[in-house]
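Student: curious how this folds, go ahead:
(one chain, ligands or ions: 1)
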Amino acid sequence: MTLDDLLDRNRQWADARRARDPEFFSRLARGQRPRLLWIGCSDSRVPAEEILGCGPGDLFVHRNVANIVAYNDINIASVVQYATVNLGIADIVVCGHYGCGGIRAACAETLPDGYLGDWLNIAGWAKRTVDQALAREGRSVAGEEYHQRVVEENVRLQIEHLSHLGLIRRQRAERPDSLRLHGWVYDISTGLVKIVAPGDT
Ligand code: CO
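Tutor: Residues are numbered from 1 along each chain as shown. From the prediction side, this is the model:
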């Protein structure tokens, strides 16, 4: 597929959209009221709008490798600020996914070189939490089951990071129950979302 093919598709998409709903683009041009803030993985197989049956204007989206919320990341902090303060979004979803290459790399003996290793080091805490839990349970889990547990734990960990951000703490102190943080995991092999942390966290 060439870039020209993709631009052709863009024109076809815009034409079809306008044919179905002539006001569609002029309505969106007036502003946005997205239903939730989506913090997901950059993985091409997890397109937020598509898997939730949504379109333009429905979701405010931030994606990075392994859906990580780092306390010193002004990129995600400004996304969270704009979403909650300016757009008034009350629901924030951190969505991981099974088969996440970032989580696999974070669990490997050696982290990748360069920026990727530095970044994925943050998800390494999820691996350590899982290892400690398995040690307590006296169980040994390997392969896909182990990977899935770390993916789920990483989502819980990033929700915890989110809840510790000064911006989130201040808003919750000022307006209790104003924000709900949800943890989801998407299964690439079925197309379905599983809840791993309900929105009352
Ligand atoms: Co991923």
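Student: alongside the ion, which residues does the chain contribute?
Tutor: Near the ion, the residues belonging to the chain are 41, 43, 100, 102 when assessed by C-beta under 5 Å from the ion. All C-beta spots, glycine's among them, are computed from the backbone N, C-alpha and C.
Student: OK, contacts around the second one?
Tutor: Looking back up the chat, that one is D43. Residues in contact with D43, defined by C-beta atoms under 8 Å, 6 or more residues apart in numbering, are 97, 100-102.
Student: between those residues, which has the most around it?
Tutor: For those, neighbours were counted using other C-beta atoms under 10 Å, and C100 has the most, 26 neighbours in all.
Student: quick one: that residue from N86, how far?
Tutor: 30 Å (C-beta to C-beta, to the nearest Å).
Student: tell me the secondary structure at the spatially most central residue of the chain.
Tutor: A centroid search over the chain (C-alpha atoms, centre = their mean) returns G40, at 1.8 Å, as the residue closest to the centre. Of the three states, G40 takes strand according to DSSP: H, G, I helix; E, B strand; the rest coil.
Student: identify, from the contacts of D43, the entry nearest to the ion.
Tutor: Minimum separation from the ion among the contacts of D43 (C-beta to the ion) is found for C100, which lies at 3.2 Å.
Student: what about that closest one, distance to V93?
Tutor: Counting by C-beta to C-beta, the gap between C100 and V93 amounts to 16 Å.
Student: am I right that R136 sits in a helix?
Tutor: Yes - according to three-state DSSP, the state of R136 is that of a helix.
Student: next one, pLDDT for it please.
Tutor: R136 carries a pLDDT score of 97 in this model.
Student: neighbours of it, how many?
Tutor: Residues lying near R136 (other C-beta under 10 Å) number 8.
Student: how about Q132?
Tutor: When neighbours are counted by other C-beta under 10 Å, Q132 registers 10.
Student: let's verify it: helix, strand, or coil?
Tutor: Of the three states, Q132 takes helix according to three-state DSSP.
Student: show me what contacts it?
Tutor: With contacts taken as C-beta under 8 Å, 6+ apart, Q132 has no neighbouring residues.
Student: and it, how far from the ion?
Tutor: With distances taken as C-beta to the ion, to the nearest Å, Q132 is found 23 Å from the ion.
Student: which residues of this protein score low on pLDDT?
Tutor: Counting by pLDDT under 70, the chain shows low-confidence ranges at 201.
Student: just the helices in it please.
Tutor: Along the chain, the segments classed as helices by DSSP state H run 3-20, 24-29, 48-51, 74-81, 101-107, 114-120, 124-137, 143-164, 166-174.
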